[in-house]
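> Following is a predicted model, sequence given first.
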Amino acid sequence: MNSAISWLFQQPRSVKRFISLLLDTLFISISFWAAYLLRLDSSYLLGSYTHWLVLATMLPITLLYFIRFGLYRAVLRYLGHHATVTMMGGIAVSAVTMVLAAYYFGAFLPRSVPIIYSALALLLCGGARTMARALYNQSTKKYKTPVIIYGAGSSGRQLNTSMMYGSEYRAVAFVDDNPSLHKALLQGLTVYSAADIAWLVERYGAQKLLLAMPSISRQRRREIVDGLELLPVDILTIPGMADLVSGKAKVNELHEISIEDLLGRDPVAPFPDLIAANINNKVVMITGAGGSIGSELCRQVVQQGPSTLVLFEMSEYALYQIDQELNGLCREQCYSVRIVPIMASVQRQNRLEAVMQVFGVQTVYHAAACKHVPLVEYNVVEGVRNNVFGTWRAAEAAIACGIETFVLISTDKAVRPTNVMGTSKRLAELVLQGLALRQSSTRFCMVRFGNVLGSSGSVVPLFKKQIRAGGPITLTHEDITRYFMTIPEAAQLVIQAGAMGKGGDVFVLDMGEPVRIIELARKMIRLMGFDVKDEQYPDGDIEIKITGLRPGEKLYEELLIGGNEQPTVHPRIRTANEVHLPWDEMAILLKDLDAACEDYNQARIRQLLLDAPTAFNPQDGICDLVWREGKTDFSAASVPIVDEAERVKPVVALVR
């Protein structure tokens, strides 16, 4: 039987249409004579010439109607509402033709016969197609992956309908949190409670669970996924409600559960006055516009209606990408924003001033920075120059050009830093605090937060890559913890914090609870359909390998230097009063640091960073790669950090 059905559906369309035409001819003829037989309980009319004329008139008219309105062009497996309406219309025309032909040819026609005929023809023509579709679906079931749909609402039902016509998945059950739906039958599937999922997986051999609840909160999504984490099923989800409503995605577009959705919180709706204050109808410049935070700031800023957005970026490729994306976004959403891509370094104050003056910049978001801890440890001078002096030059240019607001994107690594990157960012904060005391024309403020999910330095894309490659996942320490926030939430909060600044403010974003990275790794392994391989489960798929802390890396991060934080009008933004230097002292420190960088005097740079009020507490010696290569007697266990000027002279000559 299955082989015959498979053979039939493998035939050319012309063959299948011809078979459908023959069957409809047969069904209409059977219905015609059966209607008389049921009404008169006699078959004597079979020999009536006039009744054969009536049938001969009805048949071509009915079949022509079916052909004209596309019944034979419809693909049987996707048969739907249009085909049903066409059949009903054709059979109605056929019944009317029967009446007129019987009158014309003088054939005997009881009044109930057209009605009986119509019912039988619809039953045979429609029922045959429905049965053929059911047989086809049944024959293809074994090739489809059994899945469970979590969510029996409209999205879940639409998803099930889409899968019926697809060749990849078949739903075996609905699961829903609404008790009133339990044991109900929807689209031929029973609705169960979440407590039955383990049993359903075992009974039906379900390999995937599809979350069809686009409007639930992230908190509820986390709870559901946590409850399913140990089950041997992959968890996929449909796009969010915003994407479905906007038309950017369809309900049948399934993707993996995003770890960003599980770690990120439900965002607080932005305060309109705060998010538009420094942007609407203003000229905004974003340094580091092509980076993870910088590019998201660009997307958020464009939506607030600036007159001009200046993209200031050193990387040509990153600048090209964000410029193309923003221009496309403006065309698509009809934003009347002028996008200006500028390729330059923030260390060149004359270039910064020229750009700010020519375009009349009013607000600056300074996101340009070297942020990868190990890379800055290996390239100390560039890290210090970009993070400290780049911020200083940008701030001095802002003052010279009368910029209204200057917002620095800082990091939690600036709090009691153990690495050069964090120390350089803390120095950048001190620079702005000193400048805020020196003048009052430009409002300076700093926004400090932790890791953002999905950035170029995030562990999430690295872990995904390692899992897809079959492992192992490399983790520096089993006790390491980090704060996490989604990039869009961080960018929104940065913009709103900048609007609250009065001068020299340090704003701290509420990052929620810190996350153990090893638990994050385990969760990602399970979400991607694998098992963790360890001593307890030696037959698992992906191993987590501890490699040891990298240079300058901390076990945990902090957001506050002291405990004197204060709330603001926004529930997720707090402000802190912290130690700062008068500008005179800051200027001396910058002068000495600049000279040490110019001489490539790593020992002097290290000492100046230690002497500055940054609470710098290095856990490693000097790790600069060029400096290490130039030393003739290097010991990683004991690296001197003072009085090294004479020993690096050969390297100074090299780098100059």
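Now that the structure is in, tell me what you want to look at. Numbering: from 1, shown residues only.

> Now for the closest residue to residue 187 other than its chain neighbours, how many residues are close by?
Spatially, and ignoring its direct neighbours in sequence, residue 187 is nearest to residue 160 (5.4 Å; Cβ to Cβ, 6 or more residues apart in numbering). (Each C-beta comes from the backbone N, C-alpha and C, glycine too.) The number of residues packed near residue 160 is 23, by other Cβ atoms under 10 Å.

> Residue 160 sits in which helix or strand?
helix 154-165 (DSSP states H and E).

> Next secondary structure element downstream of that helix?
Using DSSP H and E, the helix or strand that directly follows helix 154-165 along the chain is strand 169-175.

> Please name every helix or strand in contact with that next one.
Under the contact criterion of 3 or more Cβ pairs under 8 Å, 6 or more residues apart in numbering; DSSP states H and E, strand 169-175 touches strand 145-150, helix 154-165, strand 189-192, helix 197-204, strand 208-211.

> And the contacts of that strand?
141, 144-152, 156, 159-160, 163-164, 181, 186, 189-194, 196-197, 200, 204, 206, 208-210 (Cβ atoms under 8 Å, 6 or more residues apart in numbering).

> Among these, name the buried ones.
144, 146-152, 156, 159-160, 163-164, 181, 186, 189-192, 196-197, 200, 206, 208-210 (16 or more other Cβ atoms under 10 Å).

> Can you pull the poorly scored residue ranges out of the stretch 501-650 of the chain?
Along the stretch 501-650 of the chain, the parts satisfying pLDDT under 70 run over 552, 558-564, 631-650.

> which residue packs closest to residue 540, ignoring adjacent ones?
residue 533 (3.2 Å).

> Please tell me I have it right and that neighbour contacts residue 545.
No. In this structure residue 533 lies outside contact range of residue 545 using Cβ atoms under 8 Å: 10.1 Å.

> Regarding residue 321, what is its secondary structure?
helix (DSSP: H, G, I helix; E, B strand; the rest coil).

> which residues sit in contact with it?
By Cβ under 8 Å, 6+ apart, the contact list for residue 321 reads 290, 295.

> what about 6 Å?
With contact set as Cβ atoms under 6 Å, 6 or more residues apart in numbering, residue 321 has no partners.

> Then residue 34?
The contact partners of residue 34, taken as Cβ under 6 Å, 6+ apart, are residue 120.

> so what pLDDT did it get?
Residue 34 carries a pLDDT value of 88.

> Which strand or helix spans it?
Assigned by DSSP H and E, residue 34 falls within helix 13-40.

> in that helix, what counts as buried?
Residues of helix 13-40 classed as buried by neighbour count (16+ other Cβ under 10 Å): 16-17, 20, 24, 27-28, 31-33, 35-36, 39.

> wait, which of those is closest to residue 436?
residue 16 (78.2 Å; Cβ to Cβ).

> For the buried residues of helix 13-40, could you give me a markdown table that also reports distance to residue 57?
Formatted as a markdown table, those follow (distance: Cβ to Cβ, whole Å):
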| residue | distance to residue 57 |
| --- | --- |
| 16 | 27 |
| 17 | 23 |
| 20 | 21 |
| 24 | 16 |
| 27 | 17 |
| 28 | 12 |
| 31 | 15 |
| 32 | 11 |
| 33 | 15 |
| 35 | 16 |
| 36 | 16 |
| 39 | 20 |
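
> what's the closest of the residues you listed to residue 379?
residue 16 (68.1 Å).

> which residues are in contact with stretch 380-392?
346-347, 369-370, 376, 420-421, 424-425, 427-428, 431, 597, 624.

> Which entry within the residues you listed corresponds to the minimum pLDDT?
residue 624 (88).

> Distance-wise, check that one relative to residue 218.
Remark: distance between residue 624 and residue 218 (Cβ to Cβ, to the nearest Å) = 42 Å.

> More neighbours: which of those two?
More neighbours surround residue 624 than the other of residue 624 and residue 218, with 24 against 17 (other Cβ under 10 Å).

> which residues sit in contact with that one?
Residue 624 is in contact with 380, 602, counting by Cβ under 6 Å, 6+ apart.

> Strands of the stretch 501-650 of the chain, residue ranges please.
505-509, 515-516, 532-533, 542-546, 565-567, 573-576 (DSSP state E, counting those that start in this stretch).

> where along the stretch 351-500 of the chain do the helices fall?
Using DSSP state H, counting those that start in this stretch, the helices of the stretch 351-500 of the chain run over 373-378, 380-384, 390-400, 420-438, 459-468, 487-500.

> can I have the fourth one written out in CSV, keeping just the CAs?
Output in CSV follows, covering the C-alpha atoms of helix 420-438 (Å, rounded to 0.1, in the frame of the first residue of the first chain):
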residue,chain,number,x,y,z
VAL,A,420,46.5,46.9,32.6
MET,A,421,43.2,47.1,30.7
GLY,A,422,41.2,47.7,33.8
THR,A,423,43.7,50.1,35.2
SER,A,424,43.8,52.1,31.9
LYS,A,425,40.0,52.4,32.0
ARG,A,426,40.1,53.6,35.6
LEU,A,427,42.7,56.2,34.5
ALA,A,428,40.3,57.2,31.7
GLU,A,429,37.6,57.7,34.4
LEU,A,430,40.0,59.8,36.5
VAL,A,431,40.9,61.9,33.4
LEU,A,432,37.2,62.8,32.8
GLN,A,433,36.7,63.5,36.5
GLY,A,434,39.6,65.9,36.5
LEU,A,435,38.4,67.6,33.4
ALA,A,436,35.0,68.0,34.9
LEU,A,437,36.6,69.9,37.8
ARG,A,438,38.7,72.0,35.5
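
> Give me the contact list for that helix.
By Cβ under 6 Å, 6+ apart, helix 420-438 touches 373, 376-377, 380, 383-384, 387-388, 391-392, 395, 408, 410-411, 413-414, 417, 444, 446, 503-504, 580-581, 583, 586, 609, 614, 616.

> Measure how it sits relative to strand 505-509, angle-wise.
On the basis of axes from the mean of the first three to the mean of the last three Cα atoms, to 10 degrees, helix 420-438 is oriented at 140 degrees to strand 505-509.

> With the last one instead?
Computed with the same axes, to 10 degrees, the direction of helix 487-500 lies at 150 degrees from that of strand 505-509.

> ok, residue 158 to residue 340 distance?
Distance from residue 158 to residue 340, counting by Cβ to Cβ: 43 Å.

> Can you report phi and psi for residue 478?
phi -70, psi -20 (degrees, to the nearest 10).

> neighbours of it, just the number please.
Residue 478, neighbours per other Cβ under 10 Å, totals 12.

> my read: it touches residue 519, true?
No. Assessed by Cβ atoms under 6 Å, residue 478 is found out of contact with residue 519, at 10.0 Å.

> Nearest residue to residue 544 in space, please, no chain neighbours.
residue 473 (4.9 Å).

> And for residue 282?
Counting by Cβ to Cβ, 6+ apart, residue 282 lies nearest to residue 362, which is 4.5 Å off, once chain neighbours are set aside.

> Same question for residue 90.
The spatial neighbour of residue 90 that comes closest, neighbours along the chain excluded (Cβ to Cβ, 6+ apart), is residue 65 at 4.2 Å.

> again with residue 207
Residue nearest to residue 207 in three dimensions, not counting chain neighbours: residue 145, with 5.3 Å by Cβ to Cβ, 6+ apart.
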